[in-house]
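>>> take this sequence and fold it.
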Amino acid sequence: MFTQEQILAKPELQAQGINCDFQVMKTAIHGSYSKKVLFSLLAVLRFFLAAAAVVLIAIELTEAYIQKDILHLTLFSIFFLICNFQVNLSRHKDVMKSEERIGRLFVLALFSLTAAFLELVDLGFDQLVNRISGNQALTAWYQSVCILEVIFGIIAIIVLVYSLDRMLVALRSVAGDYKATSL
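Residues are numbered from 1 along each chain as shown. All right, here's what the predicted structure looks like:
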């Protein structure tokens, strides 16, 4: 194997047809490394997604006991933005390369939208809990609404996590289709 300097310094090597495009080799090596990093990051994102779900469920359970609005409108906004991202991603037919993938991603966007609206329902239950919390005659209702609030919050989080997890799997599949593309 000859180095770039050796080939350029000796015209007889060039005359023998020994030529090497070092820029292409460097790009191919760099692209391969970049793709490995990309696939690793997608796997790490799935792990962090699960960790975030556990934390959000813990916050939802804590919120039921301290009777405060902590995240409802913020979570609704985040869930809605994720839905918007998924819809926009599903519109890229050239990148997705498959009607099945496009349809799957659109359905996942509907899951995210459902999670966003479940978070608004959770906010409504939270407001109801705040209104009936001081009334002794409505103690049984208060506890029931608290339980419903937690259930709706947890369902919203689980639905969104499912949607994001499946989206990350789909993106990894799409990235795998571009193995020949150098980065």
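
>>> only C-alpha atoms from now on, for both contacts and neighbour counts.
OK.

>>> in this structure, which spans are helices?
Defined through DSSP state H, the helices belonging to the chain, from first to last, are 4-9, 11-15, 22-66, 72-90, 93-96, 99-132, 139-177.

>>> JSON lines please, covering those helices and showing mean pLDDT and mean neighbour count.
As requested, the helices of the chain are exported to JSON lines (pLDDT from 0 to 100; neighbours: other Cα atoms under 10 Å):
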{"stretch": "helix 4-9", "mean pLDDT": "55", "mean neighbour count": "12"}
{"stretch": "helix 11-15", "mean pLDDT": "55", "mean neighbour count": "12"}
{"stretch": "helix 22-66", "mean pLDDT": "73", "mean neighbour count": "14"}
{"stretch": "helix 72-90", "mean pLDDT": "86", "mean neighbour count": "18"}
{"stretch": "helix 93-96", "mean pLDDT": "80", "mean neighbour count": "13"}
{"stretch": "helix 99-132", "mean pLDDT": "88", "mean neighbour count": "20"}
{"stretch": "helix 139-177", "mean pLDDT": "88", "mean neighbour count": "19"}
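
>>> tell me which residue is most central in this structure.
By Cα atoms, centre = their mean, the chain has its centre lying nearest to L164, at 4.3 Å.

>>> distance of it from A50?
Counting by Cα to Cα, to the nearest Å, the separation of L164 from A50 is 10 Å.

>>> over to F152?
Using Cα to Cα, one obtains 18 Å as the distance from F152 to A50.

>>> now swap in R131 and tell me
According to Cα to Cα, R131 stands 34 Å off from A50.

>>> so what does R91 have for phi and psi?
Backbone torsions of R91, given as degrees, to the nearest 10, read phi -80, psi -10.

>>> that one: what's it in contact with?
Going by Cα atoms under 8 Å, 6 or more residues apart in numbering, R91 touches I102.

>>> do the same with H72
The neighbourhood of H72, defined by Cα under 8 Å, 6+ apart, consists of E119, L120, D122, L123.

>>> and which of those residues is nearest I157?
E119 (8.4 Å; Cα to Cα).

>>> does that closest one touch L75 like I think?
Yes - distance between E119 and L75: 6.9 Å, which falls inside the contact criterion (Cα atoms under 8 Å).

>>> where do the contact lists of these two overlap?
Taking Cα under 8 Å, 6+ apart as the criterion, E119 and L75 do not both touch any residue.

>>> now F76, nearest residue through space, not along the chain?
The shortest distance from F76 to any residue other than its chain neighbours is 4.7 Å, reached at A116 (Cα to Cα, 6 or more residues apart in numbering).

>>> test my guess that that neighbour contacts L81.
No - counting by Cα under 8 Å, A116 does not reach L81; the two are 9.2 Å apart.

>>> ok, now how distant is L45 from A52?
From L45 over to A52 (counting by Cα to Cα), the distance is 10 Å.
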